[in-house]
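Participant: Okay, here's the prediction I keep looking at, along with the sequence it came from:
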Amino acid sequence: MAVSYQTGLSYCIHSETLCHSGYFSSTNSSRTTSGLRLDYLRVGCKRAQRLVVASSPATEAAVTAADPLTKEDLVGYLASGCKPKEKWRIGTEHEKFGFELKTLKPIKYEQIAALLNGIAERFDWEKLMEGDNIIGLKQGKQSITLEPGGQFELSGAPVETLHQTCSEVNSHLYQVKTVAEELGIGFLGLGSQPKWEIKDIPMMPRARYEIMRNYMPKVGTLGLDTMFRTCTVQVNLDFSSEADMVRKFRASLALQPIATALFANSPFTEGKPNGYLSRRSQLWMELDNDRTGMLPFVFDDSFGFERYVEYALDVPMYFVYRNKKYIDCSGLSFRDFMDGKLPRLPGEFPTHKDWDNHLTTILPEVRLKTFLEMRGADGGPWRRLCALPAFWVGLLYDEVSLQSVIDMTMDWTAEERQMLRNKIPATGLKTPFRDGLVKHVAHVVVKLAQDGLERRGYRESAFLSEVAEVVSTGVTPAEKLLQRYHGKWGKRVDPVFEELLY
């Protein structure tokens, strides 16, 4: 049984079990709650409600509860992520674009299925199926899944050091490349699709993606672009208490636009410059305002687990998973679901797994589940896949660096944070900020990350060499690509498929 203890207004539950998921997908579960019994103690109540989470398919509702879930249960789920520092781990995810080596065209599902089957058979991965279709792989606490446009995602296992993270990435890329080359497939490390139109990109045969494709045009202008033509690298990090979560949430949210600038790597669309250094980041601002953004309430004095639950309850739903089928609930209210008044499932109440699934459809720049997910960076070549977790581990897992970030950003206004979010996708490190430029802020922040890594004592600071070069030169990865486009590439984007080939 997990050991619970009270911190502030909520209970935190220590457990070695972590949870980790990707784009609207709890199949990306290198951190999972399956098989874990949690005793959620209600603050101010005399009784506790016991929930048993059984092993089950990744998104199946399989929680047995004595009573319908209450808001206190939802708060308790977030609080269950609290763990002592010695159990903090690093969970890294990255996505990449597959393409035909001969034609540069996006690969079809049939080619991806052959790739997944090949990796499973050669390297002993378990196949994940949706009906008759293979839609992912699982091996231990790692998983490989498919994004809507066939972007190939590794969700890594929770590991202790950045050396383990980078080793995991290298092993994955070796396995993928070994099988992919035999199929005439390559993979591109870029933040957005540089050449092909949306109509050229096949949609993966997953029911949830059909729901998303139908709903997104109703609430935003460029949601389909985000679905089909972007890739990211993200890291999931732990917290010890509600207070620690709040500090890390605020620090990482304030600095997320700085990470966007440092990792900007999506300057091309449909064969030409698109006017942005991080087009991927810009697209997220035009997806769905109900579920994205900079969450100014995180900086309110009253912020904590309960406030995030209130926010999440107001984010419109996408689906409910029942009997191995996705039920389209797009635009409906989770609050109504809590009251048994969901029109698509009248009289039915949500399970703990329904809540977990709902949280994966919320997409702000930093996302809270039982961990914090850093969501601001473009996908990139393999060295940057190690650099992104190094950046955030150095800042958030070292107390001195974390406090320095909080001190530096505590007087930034909501308007200033939003200004950085709005402008950095286009102007990157050259964005004016107060009496200087964002590159001056980035220089300080990268130094704090380096110092934090040094104090960890694992000799991890070398993983920051990629971003250290960016701040020393003031030139982002996207600007380097644009220089080549206007220079030796002769205003063609095709060479990027070779230069950023994994």
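Facilitator: Yes, it's here. Residues are numbered from 1 along each chain as shown.

Participant: for the stretch 251-400 of the chain, what spans make up the helices?
Facilitator: Secondary structure of the stretch 251-400 of the chain by DSSP state H, counting those that start in this stretch: the helices cover 279-284, 305-313, 334-338, 352-360, 382-396, 399-409.

Participant: Show me the one of these that comes nearest residue 90.
Facilitator: Residue 90 lies closest to helix 382-396 among these, at 5.5 Å (Cβ to Cβ). (Each C-beta comes from the backbone N, C-alpha and C, glycine too.)

Participant: same for that closest one, what does it pack against?
Facilitator: Packing partners of helix 382-396 (3 or more Cβ pairs under 8 Å, 6 or more residues apart in numbering; DSSP states H and E): strand 90-100, helix 162-182, strand 232-237, helix 242-262, strand 372-378, helix 399-409, helix 438-456, helix 465-473.

Participant: related to what we said a few turns ago, nearest to residue 499, of the helices of the stretch 251-400 of the chain?
Facilitator: Of the helices of the stretch 251-400 of the chain, nearest to residue 499 by Cβ to Cβ is helix 382-396, at 13.0 Å.

Participant: Name the residues of the closest one that are buried.
Facilitator: Judged by neighbour count using 16 or more other Cβ atoms under 10 Å, the buried positions of helix 382-396 are 382, 384-396.

Participant: could you dump those to a markdown table with pLDDT and distance to residue 92?
Facilitator: As requested, the buried residues of helix 382-396 are exported to a markdown table (pLDDT from 0 to 100; distance: Cβ to Cβ, whole Å):
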| residue | pLDDT | distance to residue 92 |
| --- | --- | --- |
| 382 | 94 | 12 |
| 384 | 97 | 11 |
| 385 | 98 | 7 |
| 386 | 98 | 8 |
| 387 | 98 | 11 |
| 388 | 98 | 7 |
| 389 | 98 | 5 |
| 390 | 98 | 10 |
| 391 | 99 | 11 |
| 392 | 99 | 10 |
| 393 | 99 | 10 |
| 394 | 99 | 14 |
| 395 | 99 | 15 |
| 396 | 99 | 14 |
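
Participant: thinking again about what came up before, could the helices of the stretch 251-400 of the chain be laid out in TSV, adding distance to residue 452?
Facilitator: Shown next, in TSV, are the helices of the stretch 251-400 of the chain (distance: least, Cβ to Cβ, whole Å):
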stretch	distance to residue 452
helix 279-284	24
helix 305-313	25
helix 334-338	37
helix 352-360	28
helix 382-396	4
helix 399-409	4
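
Participant: wait, which of the helices and strands packed on helix 382-396 is closest to residue 142?
Facilitator: Counting by Cβ to Cβ, residue 142 lies closest to helix 162-182 out of those; the figure is 7.1 Å.

Participant: moving C-terminal of the closest one, what's the next helix or strand?
Facilitator: Next along the chain after helix 162-182, taking DSSP states H and E as the criterion, comes strand 185-188.

Participant: which other residues reach that following strand?
Facilitator: The contact list for strand 185-188 (Cβ atoms under 8 Å, 6 or more residues apart in numbering) reads 96-101, 107, 111, 115, 152, 176-177, 180, 194, 496-497, 500-502.
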